[in-house]
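Peer 1: turn this into a model:
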Amino acid sequence: MEFTIDQNVLRSELGIIQGVVERKTTIPILANILIESIGEKEIRLIGTDLDVTIRCDAEADIKVPGSMCIQARKLFDIVRALDVGDVHFKKEDNEWVTMQCGRAKFRLAGVDRAQYPELPQFKSTPMRLPAETFNYFIQKTAFAITNEVSRFTLSGAKFIVSDGSAKMVTTDGHRLAYISRSIDSDAGSDNIDTLVPKKALLELSKVARENDGQISFGEDQNHLFFEMEGRLLISRKLSGTFPNYEMVMPKGNDNCAIFDLDEMRSAVRRISLMADDRTRSIKMTVRTGEIELNARSSEEGEGREVVPADYTGDETELGFNWQYLLEFLNNAGTITGDTAGTQEKETDGDGTVRVRDGKSRTRISFEFKDSSSQTQMSIADESDYDYKYIVMPLKI
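Peer 2: Predicted structure coming up:
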């Protein structure tokens with residue numbers, strides 16, 4: 001095989017594939033990517049960990065058709081370091097590959113294409129949603145997926161498309177994130193109700209952020225397929241039964257406090273520094289006009305801060321895991337796609353991107369019944385999406 005490809009194009013496609021390639025694996029072939037020629041002007045790059053597969057098609061000048069397998073991370077590192085220009089690849093008879101760009105020349109160890117695993121057979125993708133919608137769904141829910149490997153059915157998101165709406169639900173057993181929105185009638189006539197693994201969601205989000213169009217998707221008995229502008233993501237489905245999330249939705253939360261997201265996020269971040277490392281508990285005292293945050297450690301001391309809030313009602317004390325609060329507040333204010341409009345971007349020290357424009361600040365609705373019932377948080381005045389975050393309080 002011999003071909004030439006633009007360095008920028010190759011770097012972009014390799015960057016997409018890196019997320020699924022296994023770096024530490026008991027199956028060495030999975031640390032490689034497969035490159036194949038398709039026709040005279042295109043190559044196909046494939047990376048997989050057997051659970052999630054990404055396939056990217058890119059324009060190239062094919063001199064000799066064929067295929068090659070190269071160590072994925074090393075190739076990406078080299079391509080990123082190359083000067084802008086054409087990159088020439090040629091496979092030798094012993095499976096090794098030479099690549100040249102300008103005055104730089106490399107020789108990379110390759111493996112036989114026959115060792116590379118066969119991909120699941122691609123099925124149709126009859127349904128469609130905007131890439132922006134997928135990205136928004138994932139950003140607002142993926143943080144609530146459990147990290148406990150043993151809780152298999154909770155290690156992904158429940159994704160439902162039916163009756164003119166799309167929904168995504170995640171939970172780790174202590175908190176739940178739910179989002180839905182109405183969809184256009186041209187999104188396809190099929191329905192889907194499935195469990196998408198967390199890794200597939202995160203990789204899909206990366207691809208969606210680079211796509212301004214539609215993502216087509218479909219399923220077979222064991223796999224999910226997401227297709228967008230020359231890229232295909234294939235994921236194994238999670239098996240098992242997802243909890244009945246509708247039973248968790250609180251009823252009778254008559255008390256509501258509304259506060260500024262930025263102010264509460266900053267206060268929680270500061271006060272959490274004094275929380276007990278074992279319980280991670282923060283006490284929130286909701287009273288007329290304000291919410292007081294308090295955290296105490298018997299060995300290190302305590303912290304207290306007051307955040308203004310629109311609230312009129314009885315004083316109520318609530319206890320929460322500060323991490324559950326902060327993860328919601330971080331993601332509720334995250335820019336996704338072009339949803340920020342003309343607002344300016346601001347990056348925190350932890351790398352999280354926010355929306356701030358001094359005119360339209362995000363406000364959070366905090367709804368509760370009492371100190372022992374689940375609390376619901378949502379973005380106040382949200383019109384396009386129905387977004388809810390439910391979290392169980394701690395005993396104070």
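Peer 1: residue contacts, Asp51?
Peer 2: Contacts for Asp51 (CB atoms under 8 Å, 6 or more residues apart in numbering) come out as 197, 199-200, 235-236. C-beta coordinates here come from the backbone N, C-alpha and C atoms, glycine included.
Peer 1: again, only this time at 6 Å
Peer 2: When contacts are counted by CB atoms under 6 Å, 6 or more residues apart in numbering, Asp51 touches Arg236.
Peer 1: also Ser37?
Peer 2: Residues near Ser37 by CB under 6 Å, 6+ apart: 43, 62, 65.
Peer 1: mind checking pLDDT for the last one?
Peer 2: The model reports Pro65 with a pLDDT of 96.
Peer 1: just send the contacts of Ser37 back as a markdown table, with neighbour count too.
Peer 2: Formatted as a markdown table, the contacts of Ser37 follow (neighbours: other CB atoms under 10 Å):
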| residue | neighbour count |
| --- | --- |
| Ile43 | 26 |
| Ile62 | 18 |
| Pro65 | 14 |
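Peer 1: which of those residues fall in strands?
Peer 2: 43, 62 (DSSP state E).
Peer 1: what is the nearest of the contacts of Ser37 to Thr375?
Peer 2: Proximity of these to Thr375 (CB to CB) peaks at Ile43, which lies at 51.8 Å.
Peer 1: so what pLDDT did the nearest residue to the closest one once chain neighbours are set aside get?
Peer 2: Nearest residue to Ile43, sequence neighbours excluded (CB to CB, 6 or more residues apart in numbering): Ala60, at 4.5 Å. If you check Ala60, the pLDDT there is 96.
Peer 1: next, Ala60: phi, psi?
Peer 2: phi -160, psi 160 (degrees, to the nearest 10).
Peer 1: can the contacts of Ser37 go into JSON lines with extra columns for distance to Ile390?
Peer 2: Formatted as JSON lines, the contacts of Ser37 follow (distance: CB to CB, whole Å):
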{"residue": "Ile43", "distance to Ile390": "47"}
{"residue": "Ile62", "distance to Ile390": "53"}
{"residue": "Pro65", "distance to Ile390": "55"}
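Peer 1: mind listing the strands for the stretch 1-150 of the chain?
Peer 2: 2-6, 32-37, 42-48, 52-59, 61-64, 67-71, 86-91, 97-101, 104-108, 110-111, 127-130 (DSSP state E, counting those that start in this stretch).
Peer 1: any chance of those in CSV, with distance to Val79 too?
Peer 2: CSV is the format used below for the strands of the stretch 1-150 of the chain (distance: least, CB to CB, whole Å):
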stretch, distance to Val79
strand 2-6, 10
strand 32-37, 11
strand 42-48, 11
strand 52-59, 12
strand 61-64, 17
strand 67-71, 11
strand 86-91, 7
strand 97-101, 8
strand 104-108, 10
strand 110-111, 16
strand 127-130, 30
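Peer 1: out of those strands, which is closest to Pro117?
Peer 2: strand 42-48 (6.5 Å).
Peer 1: got the CA positions of the closest one in CSV?
Peer 2: In CSV, the C-alpha atoms belonging to strand 42-48 read as follows (Å, rounded to 0.1, in the frame of the first residue of the first chain):
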residue,chain,number,x,y,z
GLU,A,42,-10.0,7.8,0.0
ILE,A,43,-8.6,5.9,3.0
ARG,A,44,-10.4,4.4,6.0
LEU,A,45,-8.9,4.5,9.5
ILE,A,46,-10.2,2.2,12.1
GLY,A,47,-9.6,1.9,15.9
THR,A,48,-11.3,-0.4,18.4
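Peer 1: run the angle between that strand and strand 52-59 for me.
Peer 2: Orientation check (axes from the mean of the first three to the mean of the last three CA atoms, to 10 degrees): strand 42-48 against strand 52-59 gives 160 degrees.
Peer 1: mean confidence for strand 42-48?
Peer 2: 96.
Peer 1: next: stretch 275-285.
Peer 2: Regarding stretch 275-285, the rounded mean pLDDT is 93.
Peer 1: gap between the two ends of it?
Peer 2: Taking CA to CA, to the nearest Å, stretch 275-285 runs 16 Å from one end to the other.
Peer 1: what sits up against it?
Peer 2: Applying CB under 6 Å, 6+ apart, the external contacts of stretch 275-285 come out as 291-295, 297, 317-323, 394, 396.
Peer 1: can we see that at 7 Å?
Peer 2: Residues from elsewhere that reach stretch 275-285 (CB atoms under 7 Å, 6 or more residues apart in numbering): 268, 271-272, 291-295, 297, 315, 317-323, 325, 394, 396.
Peer 1: next one: stretch 70-81
Peer 2: So stretch 70-81 is contacted by 7, 10-11, 14-15, 17-18, 21, 23, 31-33, 35, 47, 87, 97, 106, 108-110 (CB under 7 Å, 6+ apart).
Peer 1: ok, of the residues you listed, which come out buried?
Peer 2: Burial by neighbour count, 16 or more other CB atoms under 10 Å: within these this picks out 7, 10-11, 14, 17-18, 21, 31-33, 35, 47, 87, 97, 108, 110.
Peer 1: pull the most distant pair out of the residues you listed.
Peer 2: Using CB to CB for every pair in these, the one that comes out farthest apart is Gln7 and Ala31, at 22.5 Å.
Peer 1: returning to that earlier point: state the distance from the residue nearest to Ile43 to Leu232.
Peer 2: Ala60 is 18 Å from Leu232, where distance means CB to CB, to the nearest Å.
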